[in-house]
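K.L.:
Show me the folded form of this:
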Amino acid sequence: MSSPPSEAEAYERALELLRRAAGPQGFVAALDGPAGYERVWARDGVVCGLAGVAAGDPALVEALARTLATLRDAQGPHGEIPSNVGTAGASYGTLVGRVDAPLWYALGVAALRRVDEAEAARHLSAAVRALDVVDAWELNGGGLVHVPPGGFWADEYPLGGYVLAVQLLRLWALRALGEEERCERLRAIVGRELRLDPGRRDGLHPAAREQALAAGHAGWAASLDPGGYTFRFDGLAAALVALLGLEGVDEAAAGLVQRAEPFGLVPAYDPPVLPGDAGWEALRTARLGAFRNEPWCYHNGGRWPFVTGIAALGLAACGREREAATLAAGIDRLNAADGWSFPEFAHGRTGAPGGARGTAWSAAAAVLARHAARGDGGAGSALSSPRS
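P.N.:
Below is the predicted model:
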């Protein structure tokens, strides 16, 4: 494992890439990727904007504003926010719609509000509509958003139902916008339905709960659907548990630290689905182009700077800045690979760079993680609720 570059160089190179990715319509996903990466994406663009707010960089804050304007101007009739927008128009998803896009947009508006209230005010009505359409996607009115398989950032990973990471992203957005009453209600529901406690037998799906407890499962589940609970390490969900200070926060933080070894990079999902495992054929089918989810690759055990950057924020929120620094160094090391190629992800076993190059949110992850490691409050300014 190679030594990390200097913190100063890694940070400046990350900011430089973000500035290059800041186009007229907002942040593009990557400077050197396949078709589609030249578009403005809700999830990628907002993560880049969070980094810009954390860094206090005016040019990057302006790029966040342009990103949000592009998304708002393509908002659907019911409040939908597009997954991405390009010269050919807006896309709200491919095989399924992207349930998390309105949540990323709302979170971006909250971040912009921290530094430019006047500009953020232009988005507040659209953010309300975005959160309202997500409310409708509860479908049964039970408090949890129903997600079609692949209907969130891991769009080629067929996990669906009540996906924990999406519920927590919604919780993060509500908290950042100061929606305290809705936030507390959702927090209670998520804890009741997606965290298994051997002493608790109530909930939406008692049969699934009994089955999972009988099998020895406990703690946070990655998802729940009519067929039962899914238990697999979800890096983004664990990061958000830590960041939001939910029940089991110490367990989540310890899991992030353990799973990041030996590269200092957190996997999307672990362990990977292997040929012959239940779910392998569904994983192979969940794609539009070439199959990218070989074991230890892409969402299937691949290690993502994006996930690792949020994990660093979560660890810092728990007072574990030293471990956050380890993750920041891991991101820097991967970003520096092949002459500062800023790859999309790393192979889960070898740490080799994978996916698109010049990815903007890999640069953003470096900025967020470094602020988290410093404990200087820079990242927190982008994430906390509005000033009273």
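K.L.:
the helices in the stretch 201-350 of the chain, which residues?
P.N.:
206-214, 235-244, 249-260, 280-285, 305-317, 321-335, 337-340 (DSSP state H, counting those that start in this stretch).
K.L.:
Go ahead and name everything in contact with the second one.
P.N.:
With CB atoms under 8 Å, 6 or more residues apart in numbering as the contact definition, helix 235-244 has outside contacts at 153, 164-165, 168-169, 171-172, 175, 187, 220, 222, 248-249, 252-253, 255-256, 259, 266-270, 304, 307-308, 310-311, 313-315, 317-318, 383. (Each C-beta comes from the backbone N, C-alpha and C, glycine too.)
K.L.:
my read: G351 touches R303, true?
P.N.:
Yes. Assessed by CB atoms under 8 Å, G351 is found in contact with R303 at 7.4 Å.
K.L.:
where do the contact lists of these two overlap?
P.N.:
Common neighbours of G351 and R303 (CB under 8 Å, 6+ apart) are F263, L265, L334.
K.L.:
Top of these by number of neighbours, please.
P.N.:
Among the shared contacts of G351 and R303, L334 has the most neighbours (other CB atoms under 10 Å), with 31 neighbours.
K.L.:
can you tell me which residues contact it?
P.N.:
Contact analysis of L334 by CB under 8 Å, 6+ apart lists F263, L265, R303, P305, P343, A346, G351, P353, S362.
K.L.:
doesn't P343 make contact with G355?
P.N.:
Yes. At 5.8 Å, G355 and P343 qualify as touching, with contact defined as CB under 8 Å.
K.L.:
low-confidence ranges in this protein?
P.N.:
Scanning the chain for pLDDT under 70 picks out the ranges 1-2, 377-388.
K.L.:
Return the distance of the closest residue to N300 other than its chain neighbours relative to H347.
P.N.:
The spatial neighbour of N300 that comes closest, neighbours along the chain excluded (CB to CB, 6 or more residues apart in numbering), is N293 at 4.0 Å. Taking CB to CB, to the nearest Å as the measure, N293 falls 12 Å from H347.
K.L.:
so what sits against both of these two?
P.N.:
In contact with both N293 and H347: no residue, using CB under 8 Å, 6+ apart.
K.L.:
which one of those two has more residues nearby?
P.N.:
Relative neighbour count places N293 above the other of N293 and H347, with 24 against 20, counting by other CB under 10 Å.
K.L.:
how many other residues sit next to G52?
P.N.:
Neighbour number of G52 under other CB under 10 Å is 30.
K.L.:
Next, the contact list for it, please.
P.N.:
By CB under 8 Å, 6+ apart, G52 lies in contact with L18, A59, L60, V61, A63, L64, A364, V367.
K.L.:
try 6 Å
P.N.:
Listed by CB atoms under 6 Å, 6 or more residues apart in numbering, the contact set of G52 reads L60, V61, L64.
K.L.:
which one of the residues you listed has the most neighbours?
P.N.:
Using other CB under 10 Å as the neighbour test, the contacts of G52 are led by L64, with 30 neighbours.
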